[in-house]
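Peer 1: just need the structure, nothing else, for what follows:
(one chain, ligands or ions: 1)
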Amino acid sequence: MTVTVRFAPSPTGYIHIGNTRTALFNWLFALKNGGRFVLRFDDTDVERSKSEYAEAIATDLDWLGVKPDRVEHQSKRFAVYDAAVEKLKSAGLLYPCYETTEELERRRKLRLTRRLPPIYGREALKQTDAERTAFEAEGRKAHWRFLLPNFKDDPFSPVRTEVHWDDLVRGPQTVDLASMSDPVLVREDGTYLYTLPSVADDIDMGISHIIRGDDHVTNTGAQIALFQALGAEPPEFGHHNLLTTISGEGLSKRSGSLSVGSLREAGYEPMAVASLAVLIGSSENVIAAADMQVLAEHFDPAATSKSSAKFDPAELDTLNRALVHTLDFEAVRGRLAALGIEGESAEAFWIAVRGNLGRVSDASLWWKIVNEGVHSTPDLSEEDIAFVRQAFDFLPPEPWDRQTWKIWTDAVKEASGRKGKTLFMPLRLALTGLSSGPELADLLPLFGREGTLGRRP
Ligand SMILES: Nc1ncnc2c1ncn2[C@@H]1O[C@H](COP(=O)(O)OP(=O)(O)OP(=O)(O)O)[C@@H](O)[C@H]1O
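Peer 2: Here you go, the predicted structure:
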């Protein structure tokens with residue numbers, strides 16, 4: 001069987017770190033199984049869907065390293081859904097209902113007072129053609145419900161019909177259809193709710209595995225029944241836990257919190273974002289994976305926890321820092337050039353500073369220190385100023401390399417009698433204006449003798 005997965009976001013906002021988890025679970029699952037990945041925009045809600053959001057989602061996925069094999073828009077596929085509707089109608093599995101919201105609410109309350117489950121009682125199935133014609137004449141339009149298979153011969157005597165599946169993430173699952181209302185698939189105005197286009201497309205596109213958030217677990221029961229009603233073998237399902245903010249709030253595309261775009265603009269590495277989006281909330285160690293292949297090796301859907309997981313920005317900082325330290329010059333050349341960091345010394349500069357950066361963009365600070373001088377006037381005592389001034393007299397002649405720092409400080413040590421922190425800290429402060437940073441052995445050749453002398457206090 002060819003593995004085919006899909007990520008099906010509604011283009012109603014910018015994808016957040018939670019949606020990213022879903023996209024990446026699918027992407028990595030396809031990668032591990034030599035499968036295909038379909039990006040399918042759930043844009044049948046024309047009021048809320050916007051093409052600029054669809055474009056932004058495609059850009060965000062591409063930045064993360066997710067490259068779909070196929071891109072589809074549900075708004076262009078109504079023929080597939082119309083055909084599914086006809087199939088269900090002719091099998092007697094989709095029936096028209098004329099109740100208003102108020103009527104449904106009244107009946108729901110009545111059922112509750114009678115201690116019956118507050119589900120739809122299938123009253124519309126008892127209506128005659130004449131009654132339906134009368135509703136139509138009144139100007140009422142029908143909405144259409146899918147007749148769930150939770151009965152034997154008589155749809156009015158529900159029986160326990162359990163739907164079972166072995167979830168890729170959660171293990172064996174059961175949903176009892178007797179506790180569910182027949183889902184509405186088509187609204188009064190003829191528009192589709194999410195369920196039918198989703199299942200019809202999954203069948204049409206040969207989706208073999210549906211991996212998504214556990215907000216869909218209950219839907220899966222009815223969807224499996226719909227696959228069967230349309231004559232298709234249901235795919236396999238996996239429902240992963242949801243991510244929340246650090247304070248436990250839910251995420252929504254519409255609120256814009258923790259959007260992928262904002263993380264990109266803040267300068268995070270795509271693989272740091274991807275690693276955290278996939279590995280938090282699982283029993284796998286959270287590591288900064290260098291690429292998707294490495295992340296795929298650490299990805300195990302069955303190791304995912306069942307409860308929601310908090311996305312901690314501090315953890316993202318740690319992963320990002322670890323990744324930046326390993327990036328070679330070629331990987332960042334373009335981004336450095338965009339920051340004005342280019343030319344002969346750019347590579348040596350990168351190698352010197354990367355171990356001290358939290359984000360690639362932080363390199364600007366050190367490029368300025370190397371090329372323009374100290375970050376800020378160093379806070380040195382009179383005594384230290386005198387020491388540093390004297391130390392500058394011992395600067396060796398050029399050419400300079402990594403050894404120059406040691407040769408210089410050995411000479412200063414001998415002449416001044418200072419050692420350890422009292423020797424190095426005043427020099428570091430005088431040379432950079434900061435009390436920490438990249439190794440001075442690496443920085444000194446970048447400053448050059450003249451550039452170093454210019455820092456004399
Ligand atoms: N907080 C979350 N954590 C993990 N996965 C999520 C989260 N929210 C949504 N998803 C998953 O993302 C996929 C795309 O869902 P959808 O487009 O409905 O996004 P949404 O963020 O729930 O939507 P909206 O905010 O637009 O209502 C679904 O598979 C859903 O389960």
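Peer 1: by proximity to the ligand, which residue of the stretch 201-350 of the chain wins?
Peer 2: Nearest residue of the stretch 201-350 of the chain to the ligand, counting by Cβ to the nearest ligand atom: Gly213, 2.3 Å away. For glycine as for every other residue, the C-beta is placed from the backbone atoms N, C-alpha and C.
Peer 1: so what's the residue count around that residue?
Peer 2: Using other Cβ atoms under 10 Å, Gly213 has 17 other residues around it.
Peer 1: ends of stretch 315-331, how far apart?
Peer 2: 23 Å (Cα to Cα, to the nearest Å).
Peer 1: average model confidence for it?
Peer 2: Mean pLDDT, stretch 315-331: 97.
Peer 1: what's that stretch in contact with?
Peer 2: 263, 268-269, 271-273, 275-276, 280, 286-288, 290, 346-347, 350-351, 354-355, 357-360 (Cβ atoms under 8 Å, 6 or more residues apart in numbering).
Peer 1: contacting residues for the closest residue to the residue of the stretch 201-350 of the chain closest to the ligand other than its chain neighbours?
Peer 2: Nearest non-adjacent residue to Gly213, counting by Cβ to Cβ, 6 or more residues apart in numbering: Leu242, 5.2 Å away. For Leu242, the contacting residues are Gly18, Gly213, Asp214, Asp215, Gly250, Leu251, Ser308, Ala309, by Cβ under 8 Å, 6+ apart.
Peer 1: and what of Val163?
Peer 2: With Cβ under 8 Å, 6+ apart, Val163 has these contacts: Thr174, Val175, Asp176, Leu177, Thr220, Gly221, Ile224, Ala225.
Peer 1: surely the fifth one is in contact with Phe237?
Peer 2: It stands for Thr220. Yes. Thr220 is within contact range of Phe237, at 5.5 Å (criterion: Cβ atoms under 8 Å).
Peer 1: so Ile211 sits in a strand?
Peer 2: Yes. Ile211 forms part of a strand when assessed by DSSP: H, G, I helix; E, B strand; the rest coil.
Peer 1: hang on, the earlier thing: mind listing the shared neighbours of Thr220 and Phe237?
Peer 2: Trp165, Gln173, Ile210.
Peer 1: closest to Leu193 among the residues you listed?
Peer 2: Ile210 (17.3 Å; Cβ to Cβ).
Peer 1: what's in contact with the strand or helix carrying Ala83?
Peer 2: Using DSSP states H and E, Ala83 sits in helix 78-90. The contact list for helix 78-90 (Cβ under 8 Å, 6+ apart) reads 94, 144, 146, 185-186, 192, 196-197, 199-201, 203-204, 229-231.
Peer 1: buried among those residues? Make that a ChimeraX selection.
Peer 2: Buried residues within these, by 16 or more other Cβ atoms under 10 Å, are selected in ChimeraX with:
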select :94,144,146,185,186,192,196,197,199,200,201,203,229,230
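Peer 1: tell me which of the contacts of helix 78-90 fall in strands.
Peer 2: Judged by DSSP state E, the subset of those located in strands is Leu94, Trp144, Phe146, Leu185, Val186.
Peer 1: surely the second one and Pro96 touch.
Peer 2: Yes. Counting by Cβ under 8 Å, a contact exists between Trp144 and Pro96, whose distance comes to 5.8 Å.
Peer 1: that older thread, give me the pLDDT for the residue nearest to Gly213.
Peer 2: 97.
Peer 1: so which residues on this structure come close to the ligand?
Peer 2: Proximity of the chain to the ligand, by Cβ under 6 Å from any ligand atom, involves residues 9-10, 12-13, 18-19, 21-22, 212-213, 215-216, 242-243, 250-254.
Peer 1: ok, of those residues, which come out buried?
Peer 2: Judged by 16+ other Cβ under 10 Å, buried ones among those: 9-10, 12-13, 18-19, 21-22, 212-213, 242-243, 251, 253.
Peer 1: any chance of those residues in TSV, with distance to Arg428 and secondary structure too?
Peer 2: TSV is the format used below for those (distance: Cβ to Cβ, whole Å; DSSP: H, G, I helix; E, B strand; the rest coil):
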residue	distance to Arg428	secondary structure
Pro9	49	coil
Ser10	53	coil
Thr12	52	coil
Gly13	47	coil
Gly18	43	helix
Asn19	45	helix
Arg21	42	helix
Thr22	47	helix
Arg212	52	strand
Gly213	49	strand
Leu242	47	coil
Leu243	41	strand
Leu251	43	coil
Lys253	47	coil
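Peer 1: residue contacts, Pro235?
Peer 2: Contacts of Pro235 (Cβ under 8 Å, 6+ apart): Asp202, Ile207, Ser208, His209, Ile210, Phe227.
Peer 1: the nearest residue to Ser307 once chain neighbours are set aside - how many residues pack around it?
Peer 2: Excluding the flanking residues, the one nearest Ser307 by Cβ to Cβ, 6+ apart is Asn241, at 6.1 Å. Residue crowding around Asn241 was assessed by other Cβ under 10 Å; the count is 20.
Peer 1: ok, the one 3 residues further on next?
Peer 2: The criterion is other Cβ under 10 Å. On that basis, Thr244 has 19 neighbouring residues.
Peer 1: give me phi/psi at it?
Peer 2: phi -130, psi 170 (degrees, to the nearest 10).
Peer 1: again with Tyr194
Peer 2: phi -50, psi -40.
Peer 1: report the contact partners of Arg170.
Peer 2: Asp214, Val217, Gly238, His239, Lys306.
Peer 1: inside strands: which ones of the residues you listed?
Peer 2: Using DSSP E, the contacts of Arg170 in strands are Gly238, His239.
Peer 1: considering the contacts of Arg170, which possesses the most neighbours?
Peer 2: Result: His239 is most packed of the contacts of Arg170 (other Cβ under 10 Å), 25 neighbours.
Peer 1: what number of residues lie near the closest residue to Glu233 other than its chain neighbours?
Peer 2: Nearest non-adjacent residue to Glu233, counting by Cβ to Cβ, 6+ apart: Phe227, 7.1 Å away. Phe227: 16 surrounding residues under other Cβ under 10 Å.
Peer 1: give me the element Lys141 is part of.
Peer 2: Using DSSP H and E, no helix or strand contains Lys141.
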